[in-house]
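> Next come a sequence and a model predicted from it.
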Amino acid sequence: APDTKGKWRMAKLPQWTAGSNTTGSWGGSTTGVTAKAVKSGRAKAAAEFATWLNTDPKAVAALVKEAGVYPAATAAQTSGALTTPEFLPNQPDFYQQVAELTKGTASASWGPNVNVAYNTFKDAFGKAATEKSSFPVALKTVQDTTVADMKKNGFKIEG
């Protein structure tokens, strides 16, 4: 909706309990070393790269700029890498608000291939809605695709 650029602002979520400041966790990134890297003998190099990617100021600035990542490294949150999002030009305090809101973020756990699960969910449920097909079939598609991707990437699946 490019024609709505500048017409939006961030707002706090309504709270179940008056005075609370709890927000959901939507997003987050992680860098890990897979079993394939360990088997290939490249685990040390992968760990060194992950450390560099998430601690080097230039690398973190690139993650912010190129991937839209909000850095977990608190030093990066005030390093100047964060600029007002282009879609919200009228909200120069955007990241100050983000910092305040994240203080109340509820804990959450994400799978190692959450991007695959989200994309499959979006596609399968979109198809179910537009083609008036089965939502249980969409859920099975999400499950099967996510598990297959995890196995392909060397994860052991139990249960």
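Right, received. Where do you want to start?

> Checking the residue lying farthest from the centre of the chain next. Helix, strand or coil?
Here the centre of the chain is the reference, and by Cα atoms, centre = their mean the most remote residue is K132, at 29.4 Å. What DSSP: H, G, I helix; E, B strand; the rest coil gives for K132 is coil.

> Tell me how far it lies from G126.
Per Cβ to Cβ, to the nearest Å, K132 is found 12 Å from G126. For every residue, glycine as well, the C-beta is placed using N, CA and C.

> go on, K156?
Using Cβ to Cβ, one obtains 31 Å as the distance from K156 to G126.

> the more surrounded of those two?
Legend: neighbour count by other Cβ atoms under 10 Å for K156 and G126, higher for G126 (11 against 7).

> Then that one would be within a helix, right?
Yes: G126 forms part of a helix when assessed by three-state DSSP.

> Strands of this structure, start to end?
Using DSSP state E, the chain contains no strands.

> okay, and the helix or strand of it with the least pLDDT?
One helix or strand of the chain scores below all others by mean pLDDT, DSSP states H and E: helix 94-102, with a mean of 81.

> gap between that one and the chain center?
With Cα atoms, centre = their mean, to the nearest Å as the basis, helix 94-102 stands 16 Å off its chain's centre.

> So which bits of that helix are buried?
F94, Y95, L101 (16 or more other Cβ atoms under 10 Å).
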